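[1] what follows is a predicted protein model with its sequence.
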Amino acid sequence: MINTITLNPSLDYVVKVNNFKMDSLNRSKNEEVYAGGKGINVSIVLKNLGVENTALGYIAGFTGDEILKQVIDHGVNCDFVKLNKGLSRINVKLKSDGETEINGSGPEITSEDLKVLYGKLSLLTKGDYLILSGSIPNGVPDDVYETIIKILLDKNVEFIVDSTKDLLLKVLKYKPFLIKPNHHELAEMFNVEINNDDDIITYGKKLQEMGAKNVLISMAGDGAILLPENGEAIKRQVPKGILKNSVGAGDSMVAGFLAGYLKNNDIDEAFKMGIATGSASAFSKELATKEEVYKLLSQI
């Protein structure tokens, strides 16, 4: 079974305003509300691609109820921990001449709440995949991903990690199956400038030396580079299309990669599927559908 964890999910409130002006009354042209969070995005796209999976994490209050409803409506199995206090966060995405985001903090999670989640994760078994992605909310120790992996080390669960700097670097020694930094995050991890593909490959290999099996580095419109566990680096371009929504594209790439790998255990085919899926979400107002993905896959 595939499992995703979103420790700090959200309701994404997307507001479109023509010619937004500060210190003035603005009226929205359009409003939409989506369940958000990196793990949730992965779960929804996996389900769209026909891959059964379970979404785990924390929800709280009426916003958490809406997140749960939306994820279930997408056909995803849910096993969230419902908190007694607080509200799942609301992230405001303001789209006008540019894009502005205001992300909420989310509810506080106690040590007892963490134990409940750890108990759910302890039921995972050999052959399961666990996708750890996104930020951590208030009250959660910054080694939480490491703690989760330690709990499952003797169960032969495969891990996929898509997070930033320290959260990612701390778990490399546990040999995750896949990590997916983007090129900006890669530069931040090593406090360097990334100027070309050779730099990306150099620092991507350092992540492999630190323990990662497969390293997938996304570069937005410039494509992506895969450093497979066995073999040379592979670069692929993204298909042509009009960018409509960058939110969730990286998460979709992770979902597509895993869906492709599960289909035939071929890393390069998984890479193609990942690029097609990430691009399909970027070219769509919502997350990628199976039809959109396979239409783009034929171009890669």
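    Okay, I see it.

[2] just the helices in the stretch 151-300 of the chain please.
    165-169, 183-190, 197-209, 249-264, 267-282, 290-297 (DSSP state H, counting those that start in this stretch).

[3] so which strand or helix has residue 94?
    Using DSSP states H and E, residue 94 sits in strand 89-95.

[4] on that earlier part again, got JSON lines for the helices of the stretch 151-300 of the chain, with distance to residue 70 too?
    Where C-beta positions appear, they are placed from N, C-alpha and C, glycine not excepted. Listed next are these as JSON lines, based on distance: least, Cβ to Cβ, whole Å:
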{"stretch": "helix 165-169", "distance to residue 70": "26"}
{"stretch": "helix 183-190", "distance to residue 70": "28"}
{"stretch": "helix 197-209", "distance to residue 70": "34"}
{"stretch": "helix 249-264", "distance to residue 70": "15"}
{"stretch": "helix 267-282", "distance to residue 70": "16"}
{"stretch": "helix 290-297", "distance to residue 70": "19"}
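
[5] those: which one's closest to residue 156?
    helix 249-264 (16.2 Å; Cβ to Cβ).

[6] neighbours of residue 110, how many?
    Residue neighbour count, defined by other Cβ atoms under 10 Å, stands at 14 for residue 110.

[7] quick one: it and residue 139 touch, right?
    Yes: in this structure residue 110 lies within contact range of residue 139 using Cβ atoms under 8 Å: 6.2 Å.

[8] against residue 8, how distant is residue 72?
    Separation of residue 72 from residue 8 (Cβ to Cβ, to the nearest Å) stands at 19 Å.

[9] ok, these two, which is more surrounded?
    Taking neighbours as other Cβ under 10 Å, residue 72 and residue 8 compare with residue 8 leading, 24 against 13.

[10] so who does the residue lying closest to residue 288 once chain neighbours are set aside touch?
    Spatial nearest neighbour of residue 288, chain neighbours left out: residue 280 (3.5 Å); criterion: Cβ to Cβ, 6 or more residues apart in numbering. Residue 280 makes contact with 252, 288, 289, 292, 293, 295, 296, according to Cβ atoms under 8 Å, 6 or more residues apart in numbering.

[11] can you name the two of these that sit furthest apart?
    Farthest pair in these (Cβ to Cβ) is 252 and 295. Separation: 14.4 Å.

[12] which of the two has more neighbours?
    residue 252 (30 against 14).

[13] isn't the more buried one up against residue 286?
    No: when contacts are counted by Cβ under 8 Å, residue 252 is not listed as touching residue 286 (10.6 Å).

[14] other residues contacting the host helix or strand of residue 100?
    Secondary structure from DSSP H and E places residue 100 in strand 99-102. The set of residues external to strand 99-102 that reach it, using Cβ under 8 Å, 6+ apart, is 91, 92, 93, 94.

[15] ok, back up a step: which of the helices of the stretch 151-300 of the chain has the lowest average pLDDT?
    Here the lowest mean pLDDT among the helices of the stretch 151-300 of the chain goes to helix 165-169, at a mean of 85.

[16] fine by me, we can end here.
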